[in-house]
Structure formats: structure tokens, C-alpha cells
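Undergrad: need coordinates for the below:
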Amino acid sequence: MIELTINGEAKQVEVEADTPLLWVLRDTLGLTGTKYGCGIAQCGACTVLVDGQPARSCSLPVEAAQGTRITTIEAIEQDPVGRRVVAAWVAGDVPQCGYCQSGQVMAATALLQATPRPGEAEIQAAMTNICRCGTYNMIAAAIRQAAEAA
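TA: This is a model prediction of the structure:
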């Protein structure tokens, strides 16, 4: 039995220790907002926050997540910074297909939690998730808007 803290709630799951956290979230717990993209921790569609830091859940063994605080897109608006990020995403009409956007929002929230007023270089360095639709300019604009709303 593996014990996790997800979105502020204690959860117990009976899975293999090396199961990627992504599949525990999606298949075991039904939290499907976190997406599968590449499976090799490159694209970022599966980004969640682990102790406030962005983590690629497709390559994180669930055993390594024990004893941490995991936040998924389902609970990001419970955080004031996450709420501002989502509001900026909506106001800026950022998503096109939307598939990568949950991971983008998680990465942006982590950035603004750590650096409330990031410069362009900090935004570029932090936002390494891939968007196949190319919404990078709108993503950066939404991050700037969320920072200014603080």
C-alpha cells in the first residue's frame, strides 16, 4: 500500500511501487486532468506540482512521491496563484487544442509561486513544456498578466 497526499487529501493506493504517478492519478484515482503526452518526461503534458515544484508525472515512480504534497490541475484554483494563472489563461484565450494546457498551467503556477514577477528570460527558462499548437506567445502573455494581477 502506498500513501500519497494529493490535492490536500490522504490517499492510499495499491499499485506497484514503480508505477508512474501519472497512471495512478488517471487510472487509479480518476484525476484525468493530468495528460499523457510523450511518456518520456519531455513534453510536460503530465506536469503536476510535487512540494510546489513542477514534476513530470509520467516518469515519476509513485513510490518516490510518498511523503510529498502533490497538486494536480483539479485543485490548482484552490491556490491564489493558481487561480490567477487560470483567470489569465481564460482571459487571454490561451488554449487552442488545449491538450498541453493543464501542464502549462501547472508550470506557470510553480514559476509565479517561486518568482512573483518573472522577467522574460525567467519565463522562457521555466516554461519548457511543449505546445504543438505554438501558443507560446499567448502563454507568456498570460503569465505576465497573472503576475501583474498579484
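Undergrad: so which residue is smack in the middle of this protein?
TA: Nearest residue to the geometric centre of the chain (C-alpha atoms, centre = their mean): residue 106, 2.8 Å.
Undergrad: quick one, grab the pLDDT at the spatially closest residue to that one that is not a sequence neighbour.
TA: Closest residue to residue 106 apart from its sequence neighbours, by C-beta to C-beta, 6 or more residues apart in numbering: residue 47 at 4.4 Å. From N, CA and C alone the C-beta is placed, and that goes for glycine too. For residue 47, the pLDDT comes out at 98.
Undergrad: how about residue 150?
TA: pLDDT, read off for residue 150, is 88.
Undergrad: so what's the residue count around it?
TA: 10 (other C-beta atoms under 10 Å).
Undergrad: and if you look at residue 46?
TA: A count of nearby residues for residue 46, using other C-beta under 10 Å, gives 29.
Undergrad: same check on residue 126?
TA: Residue 126 sits with 18 neighbouring residues when counted by other C-beta under 10 Å.
Undergrad: no further queries at this time; thank you.
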